[in-house]
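Asks: this one's sequence-less:
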């Protein structure tokens, strides 16, 4: 059985496997809009897109672009949406079965103006970066012992059913603020009163890129910490969660390195452990690699 | 005048310029010991080293290696040290004028056993990764206002004379613990009592790689936070510092984006601002890029 430290390193490597030698990165085409890269497209997806020359250019110089005639936010979004609806109809791309009717912003960097929106379920086809919020909710006892609230995801969730998760989390939809999204997810998923959720404090981002059979997933999560009093209890809200547990941090630490934990949420907990001195560099040999593995970007 | 946000982004890009297109990275040779990469060597340094074929192999497959006959920690260290003493005598490499008689460990990753030691002043010639400790010392007023203690480096320091710096910092010498180094630097540079220094808490690493005329500098700093009471005052210790200032965090924030601040120490302060919610993602457009820029690794 590998050590905790080795299992955590394995988790980080897996969630950054797009950077590994042997990943699809070498064969991927850049996805460009108006001359700027906004994603990565695999060759088999590029072939499918070549059937829509009024929307996508043929691969050239290692890139697939949106046609120049599509020069507005709405124009680009609608044209790509039409293509995606047609592809969804064919049912040849499994990721489109997860259609959510959630619009994600597409931009080269988070600080750039969005160039279009795209249905959430399609972003991995285009390797478009997705942003979200994650919450570490925790209590500190009078003696200084830290415990953390974890959620058990509903067994009917589309992704990672039944796995452990942060108390609240969610994707950042087009045009919605970061803290606003966090407060909303706290309310919807865990029935946290707005006044309490508003005391959550931003503390980090966690960034990584993985690939799997459904595509390329470059993601950044905005991480918040929320200290709640001992008497606080979250309640199941919109049905995305089946249960909540308050666990001693040692137990949480152990669990995050198992297959029972949603992997990106485990990374958010690891980031918490490091920031709160619950993992220390003199006793954790991979400390620096842990921190680096939580912040990889293209 | 560029905005604060743009100036910080510029700082991060400068401290990671080894990753930029146009850096010497493409022309550098890997420096390998026993088959594992431990650094980067520029072509003109490789030429100099080729005069010592009993120590260094000729460049092959993009790498310069230590000769296989050097198969022990002490054997490798002494052989390279002899070469460095000879090169120092010639005075053709300006970085060797900064000779310090400080032994740094050389290893592929921090968690790996060291394969040799090397004089600190020579590490940039070989692009060997250096590790250090940095301290954010701060106070919190009853009203929650954060102030930070900064040091003004002595005008006779070899590197970055007269610039602002963290209250204490130092390199990690071969075989010395991380927290131990932090406590020692706190005592030596700022006369912080051991009991106080021991309450410093590890919270992060900051990693980056820059190149300049003296070589390639891949570095990782282990970052500690130390909250001190309002009455605390550091005192000038070993003469590496000329003065200490307690400044409101808004002033510190402004200063870190100026040329008056030692650049890697400015990064450590930026990391503090993010972890302590003193920079927020809804109002700082480059928030995620800031975090990523603080944690680049090869």
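Replies: Right, received. Where do you want to start? What you see is a predicted model; the values in this text were computed from it and never measured.

Asks: quick one: the most centrally placed residue in chain A from chain B, how far?
Replies: Chain A has residue A:219 as the residue nearest its centroid, 4.7 Å off, counting by C-alpha atoms, centre = their mean. Note on residue A:219: its distance to chain B, by C-beta to the nearest C-beta, to the nearest Å, is 11 Å. The C-beta positions use only the backbone N, C-alpha and C, and glycine is treated the same way.

Asks: Spell out which residues of the stretch 151-298 of chain A are next to chain B.
Replies: Residues of the stretch 151-298 of chain A lying close to chain B by C-beta under 8 Å from any C-beta of the partner chain are A:177-180, A:201-205, A:207, A:220, A:222, A:274-277, A:280-282, A:285-289, A:291-292, A:294-297.

Asks: among the residues you listed, which are in helices?
Replies: A:178-180, A:274-275, A:287-289, A:291-292 (DSSP state H).

Asks: Give me the mean pLDDT for stretch A:24-36.
Replies: The pLDDT scores in stretch A:24-36 average 95.

Asks: Is any residue of it near chain B?
Replies: No: Stretch A:24-36 is not in contact with chain B by C-beta under 8 Å from any C-beta; minimum separation 14.8 Å.

Asks: Endpoints of that stretch, how far apart?
Replies: One end of stretch A:24-36 sits 21 Å from the other (C-alpha to C-alpha, to the nearest Å).

Asks: What residues of that stretch count as buried?
Replies: A:25, A:28-33 (16 or more other C-beta atoms under 10 Å in any protein chain shown).

Asks: One more: stretch A:257-267?
Replies: Residues of stretch A:257-267 classed as buried: A:257, A:261-267 (neighbour count, 16+ other C-beta under 10 Å).

Asks: Mind checking which of those land in helices?
Replies: Within the buried residues of stretch A:257-267, residues falling in helices by DSSP H are A:263-267.

Asks: From the rest of the structure, what touches stretch A:52-72?
Replies: The contact list for stretch A:52-72, computed with C-beta atoms under 8 Å, 6 or more residues apart in numbering or on different chains, reads A:29-35, A:37, A:41, A:46, A:49-50, A:76, A:79-80, A:82-83, A:116.

Asks: Repeat the analysis, applying 7 Å as the threshold.
Replies: Stretch A:52-72 is touched from outside by A:29-33, A:41, A:46, A:49-50, A:76, A:79-80, A:83, with contacts defined as C-beta atoms under 7 Å, 6 or more residues apart in numbering or on different chains.

Asks: ok now it, how far from the chain's centre?
Replies: Computed by C-alpha atoms, centre = their mean, to the nearest Å, the chain-centroid distance of stretch A:52-72 equals 27 Å.

Asks: on that earlier part again, help me confirm that the residue nearest to the centre of chain A comes into contact with residue A:208.
Replies: Yes: in this structure, residue A:219 is within contact of residue A:208 by C-beta atoms under 7 Å, at 6.2 Å.

Asks: Next, work out how far apart residue A:254 and chain B are.
Replies: To chain B, residue A:254 is 20 Å away according to C-beta to the nearest C-beta.

Asks: Any chance of the contacts of stretch A:52-72 in CSV with secondary structure as columns?
Replies: Below are the contacts of stretch A:52-72 laid out as CSV (DSSP: H, G, I helix; E, B strand; the rest coil):
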residue, secondary structure
A:29, strand
A:30, strand
A:31, strand
A:32, strand
A:33, strand
A:41, strand
A:46, helix
A:49, helix
A:50, coil
A:76, helix
A:79, helix
A:80, helix
A:83, helix
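
Asks: which one among those residues gets closest to chain B?
Replies: residue A:30 (14.8 Å; C-beta to the nearest C-beta).

Asks: OK, contacts around the closest one?
Replies: Taking C-beta under 7 Å, 6+ apart, we find residue A:30 in contact with A:37, A:40, A:62-63.

Asks: Then residue A:31?
Replies: A:37-41, A:64, A:126-127.

Asks: Near residue A:9, how many other residues are there?
Replies: Neighbour count of residue A:9, defined by other C-beta atoms under 10 Å in any protein chain shown: 19.

Asks: element containing it, please.
Replies: Take DSSP states H and E as the rule and residue A:9 turns out to sit in helix A:4-15.

Asks: any idea of the mean pLDDT for that helix?
Replies: Helix A:4-15 shows a mean pLDDT of 98.

Asks: and it, which residues are buried?
Replies: Neighbour counts using 16+ other C-beta under 10 Å place A:5, A:7-9, A:11-12, A:15 of helix A:4-15 among the buried residues.

Asks: Mind putting those residues into CSV with distance to chain B?
Replies: Formatted as CSV, the buried residues of helix A:4-15 follow (distance: C-beta to the nearest C-beta, whole Å):
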residue, distance to chain B
A:5, 8
A:7, 14
A:8, 12
A:9, 9
A:11, 16
A:12, 12
A:15, 15
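
Asks: which one of the residues you listed sits closest to residue A:249?
Replies: Closest approach to residue A:249 among the buried residues of helix A:4-15 (C-beta to C-beta): residue A:8, at 14.7 Å.

Asks: What's opposite residue A:225 in the beta bridge?
Replies: With DSSP bridges as the criterion, residue A:225 is bridged to residue A:136, residue A:201.

Asks: That one: neighbour count?
Replies: Residue A:225 is flanked by 20 other residues according to other C-beta under 10 Å.

Asks: so who does it touch?
Replies: With contacts defined as C-beta under 7 Å, 6+ apart, residue A:225 is in contact with A:136, A:200-201, A:203, A:272.

Asks: again, only using 6 Å
Replies: Residues near residue A:225 by C-beta atoms under 6 Å, 6 or more residues apart in numbering or on different chains: A:136, A:201, A:203.

Asks: What is the nearest of those residues to chain B?
Replies: Using C-beta to the nearest C-beta, the contacts of residue A:225 come closest to chain B at residue A:201, 4.1 Å.

Asks: Contacts only, for residue A:263.
Replies: With contact set as C-beta under 6 Å, 6+ apart, residue A:263 has these partners: A:11, A:15.

Asks: What's the separation between it and residue A:76?
Replies: Counting by C-beta to C-beta, to the nearest Å, the gap from residue A:263 to residue A:76 is 32 Å.

Asks: quick one, strands of the stretch 51-200 of chain A?
Replies: In the stretch 51-200 of chain A, the strands defined using DSSP state E, counting those that start in this stretch lie at A:63-65, A:103-106, A:116-119, A:130-140, A:146-153, A:164-166, A:168-171.

Asks: Can you add mean neighbour count and give these back as CSV?
Replies: Output for the strands of the stretch 51-200 of chain A, formatted as CSV (neighbours: other C-beta atoms under 10 Å in any protein chain shown):
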stretch, mean neighbour count
strand A:63-65, 19
strand A:103-106, 22
strand A:116-119, 23
strand A:130-140, 23
strand A:146-153, 22
strand A:164-166, 25
strand A:168-171, 23
